[in-house]
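A.B. asks: Kindly generate the corresponding structure for this input.
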Amino acid sequence: MEMFDRQIRVFGKAGQRALQKLTVGIVGVGGIGSLIFVLLVRLGVGCIVIIDNDHVEESNLNRLAGSTLSDVKNKTPKVTMLKRYAKEINQKIKIIAVKANILEEDAQQYLKLCDVFFGCTDNQSSRWILNIFSIKYLIPYIDTGTGIKADANHNIEHAGGQVRVVIPSKGCLNCIDGIDISIAQQEMLPEDERQIAIKLGYIDGADIHSPAVAPLNGTIANLAVTEFVSLVTGFKPIQRYIFYDFLKASVVPIVFNKNPHCFTCSHLGSLAIGDHGKPFPVEMLINELKPQTETQGDLKMESEITNKRHSIENLLTTAQQHGFEIEGNSDAQWFLIKDVTLGNCFNEPTTNIMVKFHDDSNDPIILLPENLSINTENGICGNFLEKTPYIKDWKSLCPHMFQDIGDELFEFITCLTGFLANPSLCGLMGCEGKALVQTSK
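C.D. replies: Take a look at the predicted model:
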């Protein structure tokens, strides 16, 4: 641990252990991605998945961390070059180098191993894919990007970049119009059709390399990794959207609001569907009361408790109107969801789920019948189910992804049933049980 002594003095041993347990993905290891990779290696992240389809070219040398002239001569794949670089710093680190395009399904399989991943590509189609992937598999996604506009005399008119953190159920890039869908669709055309569209002028500026400089990439990479460390260690609140103005040397946080009608991350979209389709396809809207943010102290706490009871009451009423089997007691703050579809690693095809809010907390206790068991050989976290002292004949579900759900009760149920239909989603953010399963394979 001597290598990390200086940062242990900042994050503590617990923070360093959390970093070492993580599997982190980087999609696109060019100017920004390679710098993020170097930072993660030196932070002591235990396993890094890098996905990129390109090899090192001479024009990369001004900004591609770790690259050399011999890599240019040998046309070394970028992922191979970075794996070599990492091993020269830390022999214990695990690097999964994938020379592939993220649009390919095989490459996406490796991303499922990750607790969190960075997107460092320069096109809209990969952002579209990664945004949906994050929402489907409940994996936090940190998007990065830069842009420079210079005139004919090489005077910089505009330059800057952004870091955007997608946390499933709390909003995605589509919520803030962060993806140009029309360009993404054009980029995903078959190559012959795409070339015709370029010749006809339907894709403006296609295949023209954008200006890029290492200092701008470095600033964005460092901002992105800072938010990553915030997410893992909690040393400061996460800024989910940061804009950097290169010319003014200013960093501006921007409000990242969730769109309740987003076609990607709403409960009617791709939230928690994993590989097996949507496990909770009930098209009903719940008009939940919102917390009274203007109240303070005890008054605010009382407001949140009342809000939770009203949320449960509205859930029960709406479910009854739609003939959906949920029962419960809003005053006691619990409800029971019946006949939920389970993944094939369980010993039963369906089950009932009990959700209880303990001591007026926003953190739920999630309970499953005691006779339910899982086959951990399928790569499921060993901490997924455990005995509980709360209620006889019930087990508790690993709660680490369901903390402080606030008033978004329906999104919580969607995520919960998504986990049960796709239990390999469990074990995010360095869960010890999942780490043990992965290393035993």
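A.B. asks: Pull the distance from the helix or strand harbouring residue 40 to the chain's centre.
C.D. replies: Taking DSSP states H and E as the criterion, residue 40 maps to helix 31-43. Centroid separation for helix 31-43 versus its chain: 18 Å, with C-alpha atoms, centre = their mean, to the nearest Å.
A.B. asks: Rounded mean pLDDT for whichever helix or strand comes after it, please.
C.D. replies: Note on helix 31-43: by DSSP H and E, the next helix or strand toward the C-terminus is strand 47-51. Throughout strand 47-51, pLDDT has a mean value of 97.
A.B. asks: quick one: strands adjacent to strand 47-51?
C.D. replies: strand 23-27 (parallel), strand 94-98 (parallel) (DSSP bridges).
A.B. asks: on that earlier part again, just checking, what packs against the helix holding residue 40?
C.D. replies: If you count contacts as 3 or more C-beta pairs under 8 Å, 6 or more residues apart in numbering; DSSP states H and E, helix 31-43 packs onto strand 23-27, strand 47-51, helix 78-89, strand 141-150, helix 214-233. C-beta: built from backbone N, CA, C; applies to glycine.
A.B. asks: okay, the angle between the longest one and strand 141-150?
C.D. replies: Between the axes of helix 214-233 and strand 141-150, defined by axes from the mean of the first three to the mean of the last three C-alpha atoms, to 10 degrees, the angle is 160 degrees.
A.B. asks: ok, and what's touching the helix or strand following helix 214-233?
C.D. replies: Toward the C-terminus, helix 214-233 is succeeded by strand 241-245 as the next helix or strand (DSSP H and E). Identification of contacts with strand 241-245 by C-beta atoms under 8 Å, 6 or more residues apart in numbering yields 159-165, 176, 219-220, 223, 227, 250-256.
A.B. asks: How far off centre is strand 241-245?
C.D. replies: Distance, centroid of strand 241-245 to centroid of chain: 19 Å (C-alpha atoms, centre = their mean).
A.B. asks: Quick one, grab the pLDDT at the nearest residue to residue 34 once chain neighbours are set aside.
C.D. replies: With sequence-adjacent residues excluded and distances taken as C-beta to C-beta, 6 or more residues apart in numbering, residue 34 is closest to residue 65, at 4.0 Å. pLDDT for residue 65: 95.
A.B. asks: cool, and the one 4 residues further on?
C.D. replies: The pLDDT attached to residue 69 in the predicted structure is 96.
A.B. asks: mind giving me CSV with the helices and strands packed on helix 31-43 and columns for mean neighbour count and distance to residue 423?
C.D. replies: Below are the helices and strands packed on helix 31-43 laid out as CSV (neighbours: other C-beta atoms under 10 Å; distance: least, C-beta to C-beta, whole Å):
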stretch, mean neighbour count, distance to residue 423
strand 23-27, 26, 17
strand 47-51, 25, 21
helix 78-89, 19, 30
strand 141-150, 20, 21
helix 214-233, 20, 23
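A.B. asks: Go through the ones you listed and name the closest to residue 113.
C.D. replies: With respect to residue 113, and counting by C-beta to C-beta, the nearest of the helices and strands packed on helix 31-43 is strand 23-27 at 5.3 Å.
A.B. asks: Off-centre distance for that closest one?
C.D. replies: 10 Å.
A.B. asks: any weak-confidence spans in the chain?
C.D. replies: 1, 188-211, 267-268, 276-307, 358-362, 376-384, 386-392, 398-408, 424-441 (pLDDT under 70).
A.B. asks: Need the contact partners of stretch 164-183.
C.D. replies: 123-125, 127-128, 131, 134-135, 138-144, 203, 227, 231, 238-242, 256-259, 262-265, 271-272, 408, 411-412, 414-415.
A.B. asks: Buried ones only from those residues, please, as a ChimeraX command.
C.D. replies: Those of the contacts of stretch 164-183 that count as buried under 16 or more other C-beta atoms under 10 Å are selected in ChimeraX with:
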select :124,125,127,128,131,134,135,138,139,140,141,142,143,144,203,227,231,238,239,240,241,242,256,258,262,264,265,271,272,408,411,412,414,415
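A.B. asks: so what's the closest residue to residue 46 other than its chain neighbours up against?
C.D. replies: Closest residue to residue 46 apart from its sequence neighbours, by C-beta to C-beta, 6+ apart: residue 20 at 4.5 Å. Listed by C-beta under 8 Å, 6+ apart, the contact set of residue 20 reads 44, 45, 46.
A.B. asks: how near is residue 20 to residue 234?
C.D. replies: Residue 20 is 16 Å from residue 234, where distance means C-beta to C-beta, to the nearest Å.
A.B. asks: do residue 413 as well
C.D. replies: In this view, residue 413 and residue 234 are 26 Å apart by C-beta to C-beta.
A.B. asks: More neighbours: which of these two?
C.D. replies: Using other C-beta atoms under 10 Å as the criterion, residue 413 and residue 234 rank with residue 413 on top: 23 against 12.
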